[in-house]
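[1] Provided below are the primary sequence and the corresponding predicted coordinates.
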Amino acid sequence: MGRLQCPAGTYSTEVGGTKCISCPPGRYNSEVGATVCQACKGLEYQDLGGQTKCRACPSGQYWISDQTTEFDEADGYCAECPLGATCSPLGGIVPYPNYFIFTDDDRVVQARICLPGFCETCANQSYSKSDEIVPGQVFSCCTVNRPDAEANPLCGRCDSEYYLADGECIYCTETDKGLATVVVLLTWLYITVFHSTTQIPNSSDTRIFLNLMQFIFLFLVLRAGNLASWVALFNFNFFNASSSSCVAPLTDMQRLSTGIVAPLVSFGFLILNCLIHRGIWMCYKRGNCRCALCEKPERGASFLIDLFSLPVAEYPTFTPIYHQYQRTALAFLCSSYMSVVQTLLTFFSCTKYRDEEYMTAYPSISVCPYCVCVSHIRCSTN
């Protein structure tokens with residue numbers, strides 16, 4: 001006796017059986033004489049029994065199944081596609097560029113904004129309408145030189161021996177001594193020029209310009225490219241200004257800390273200049289050395305002397321020069337706070353990914369132990 005030829009929408013598992021069983025909700029059968037019903041997957045569902053095909057959610061929605069095992073009835077509902085992805089019966093779930101799309105433990109599709117250059121739409125879309133949505137699934141892909149998105153939340157980490165530089169992961173295994181020397185010299189030169197400009201009477205225009213550039217860096221050029229990164233000069237952070245090059249293989253946490261360390265180093269250069277200036281003044285006054293720049297000439301090197309504030313011959317004591325550096329130190333504190341504020345604000349800006357918080361500006365850094373996200377500050381979830 002052969003197997004019962006059950007019509008489409010039903011099945012029979014017994015040879016010689018006399019009864020056909022309707023496919024349960026969540027499953028279908030389009031063939032005659034089937035022994036099993038197929039499960040609906042992905043954007044398709046079936047909330048009725050005995051059906052020959054699955055139904056599709058409307059465009060812009062996807063099916064969330066409540067089933068906990070393979071044999072449960074697939075109760076569920078059509079959910080709205082999150083902002084940052086498209087959901088359609090034909091194309092499946094496709095992330096927009098710069099969006100990180102994933103499912104939570106309840107199979108709900110979530111979207112988080114990636115930093116520019118961190119994640120992208122997969123070249124070969126790994127998900128289609130026939131795939132099953134499961135918890136912990138990731139639909140986005142990370143850009144070049146980054147680990148796979150499944151093991152790289154928000155695509156924040158770079159591959160081994162690659163480090164973040166201006167939004168890209170660049171190969172960096174050792175400190176570039178030449179570039180590091182240039183950074184140090186530029187920092188010293190900028191502090192020297194800054195000291196000189198603070199001694200100019202009515203230099204308020206210069207200070208207004210400096211503060212304007214700092215606000216531009218804080219609000220507008222967080223990831224705007226190589227040219228914009230050089231605005232970090234006005235925040236006394238030459239390391240960030242050279243962020244597009246491999247100065248040293250720093251982790252993201254070490255790079256973030258430069259927002260505080262760099263102004264301190266710059267202030268150290270100001271103290272060093274003061275000590276050098278005092279040494280030149282003492283040597284000149286005691287007559288132990290000759291200094292061509294210590295006396296202001298009528299012409300020639302006058303600009304250079306003004307720049308480095310070296311005409312010490314006109315001061316019988318070092319007190320006026322010391323007061324100049326005091327004014328510069330006060331102006332420095334009033335001007336460098338923006339870099340420190342920006343760094344501290346970074347600790348309070350978090351993005352939630354599943355059960356953890358990550359720094360929005362540095363997704364490789366999780367909430368523990370660095371990122372601070374306290375109850376009275378609302379964390380970003382998009």
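    Received it, and whenever you're ready, just let me know what you need.
[2] burial of residue 279, as a residue count?
    Residue 279: 11 surrounding residues under other CB atoms under 10 Å. To be clear about C-beta, it is placed using only N, CA and C from the backbone, and glycine gets the same treatment.
[3] measure it to residue 87 for me?
    Distance, residue 279 to residue 87, using CB to CB, to the nearest Å: 71 Å.
[4] and if you look at residue 79?
    Applying CB to CB to residue 79 and residue 87 gives a distance of 9 Å.
[5] Which neighbours do the two have in common?
    Counting by CB atoms under 8 Å, 6 or more residues apart in numbering, the residues touching both residue 79 and residue 87 are 61-62, 109.
[6] Among those, name the buried ones.
    61-62, 109 (16 or more other CB atoms under 10 Å).
[7] Just put these in TSV and tack on secondary structure, distance to residue 347 and pLDDT.
    Formatted as TSV, these follow (DSSP: H, G, I helix; E, B strand; the rest coil; distance: CB to CB, whole Å; pLDDT from 0 to 100):
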residue	secondary structure	distance to residue 347	pLDDT
61	strand	38	84
62	strand	36	81
109	strand	29	89
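[8] Residue 37: which of these is nearest?
    Within these, proximity to residue 37 (CB to CB) peaks at residue 62, which comes in at 21.8 Å.
[9] Who is that closest one paired with across the strands?
    residue 79 (DSSP bridges).
[10] my read: it touches residue 109, true?
    Yes: with contact defined as CB atoms under 8 Å, residue 62 reaches residue 109; the gap is 6.4 Å.
[11] list residues touching both of these two?
    Common contacts of residue 62 and residue 109, defined by CB under 8 Å, 6+ apart, comprise 79, 81, 87, 93, 133.
[12] Sketch out the low-pLDDT regions of the stretch 51-200 of the chain for me.
    Across the stretch 51-200 of the chain, the ranges flagged by pLDDT under 70 are 66-75, 90-91, 124-132, 200.
[13] Mind telling me what element residue 332 is part of?
    Per DSSP states H and E: residue 332 is located in helix 319-347.
[14] Give the buried residues for that helix.
    321, 324-325, 328-329, 331-332, 335-336, 338-340, 342-343, 346-347.
[15] now for those, which pair is the farthest apart?
    Of all pairs in these, the most separated under CB to CB is 321 and 347 at 39.0 Å.
[16] and the lengthiest helix in the chain, average pLDDT?
    Counting by DSSP state H, the longest helix found in the chain is helix 252-285. Helix 252-285 comes out with an average pLDDT of 84.
[17] now the angle from it to helix 319-347?
    180 degrees (axes from the mean of the first three to the mean of the last three CA atoms, to 10 degrees).
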